[in-house]
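> turn this into a structure:
(one chain, ligands or ions: 2)
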Amino acid sequence: MKLYDPDATCAKCGQTPVASRFCDRTGEWWPFGPDKIPHPRAFTTNGHIHRTCPRCDFDWLELALDSRELTPEEVLQRHQERRAALGLSPVERS
Ligand SMILES: [Zn+2]
Ligand SMILES: [Zn+2]
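Ligands and ions are numbered 1, 2, ... in the order given. As a prediction, this is how the structure comes out:
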C-alpha cells in the first residue's frame, strides 16, 4: 500500500483532487471472509485512508501517515486469533 499522498491523482482517469476518508480499521476482512487468509495489503497498525475519485468512482487504499503495513506473519497471527474468537480451527499455512 502506498503512503497517503494528499495530492494523489486518480490512476484511471487522471482526476485531481480525489476524496480522502480515514478508516481506523486495522484489517479489511471482506470480501475474503474468516475462512480464507485475508489479503495482507489492507492490514495496518493504525488504519488507512480510503481514496475515491469523484469523477470515475475508482477507489483504493493508502497507508495513514502514522501507520505501517503488518508483516505476513502478523497478518496470519491476527487472522488465527480472529478464527479462534469465532470458534474456528486455525488455517493451515500453505
Ligand atoms: Zn478517476
Ligand atoms: Zn477501511
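> now the phi/psi pair for whatever residue of the chain ends up closest to ligand 2, please.
Nearest to ligand 2 in the chain, going by CB to the ion, is Cys23, at a distance of 3.0 Å. From N, CA and C alone the C-beta is placed, and that goes for glycine too. The main-chain torsion angles of Cys23 are listed as degrees, to the nearest 10 and equal phi -130, psi 120.
> that one contacts His48, doesn't it?
Yes: contact criterion CB atoms under 8 Å: Cys23 and His48 qualify, at 5.7 Å.
> the two: who's more crowded?
Using other CB atoms under 10 Å as the criterion, Cys23 and His48 rank with His48 on top: 26 against 14.
> which secondary structure element contains the closest residue to the more buried one other than its chain neighbours?
Spatial nearest neighbour of His48, excluding adjacent residues (CB to CB, 6 or more residues apart in numbering): Leu61 at 4.8 Å. Here Leu61 sits within strand 59-63, counting by DSSP states H and E.
> any idea of the mean pLDDT in that strand?
Mean pLDDT, strand 59-63: 91.
> any idea how far that strand is from the chain center?
Strand 59-63 has its C-alpha centroid displaced from the chain centroid by 7 Å (CA atoms, centre = their mean, to the nearest Å).
> for the worst-scoring helix or strand of the chain on mean pLDDT, buried residues please.
Using mean pLDDT, DSSP states H and E, helix 72-85 stands out as the lowest-scoring helix or strand of the chain, at a mean of 83. Counting neighbours by 16 or more other CB atoms under 10 Å, one finds that the buried residues in helix 72-85 are 75-76, 79-80.
> now render the residues you listed as JSON lines, adding distance to ligand 2.
Putting these into JSON lines (distance: CB to the ion, whole Å) gives the following:
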{"residue": "Val75", "distance to ligand 2": "15"}
{"residue": "Leu76", "distance to ligand 2": "20"}
{"residue": "His79", "distance to ligand 2": "17"}
{"residue": "Gln80", "distance to ligand 2": "22"}
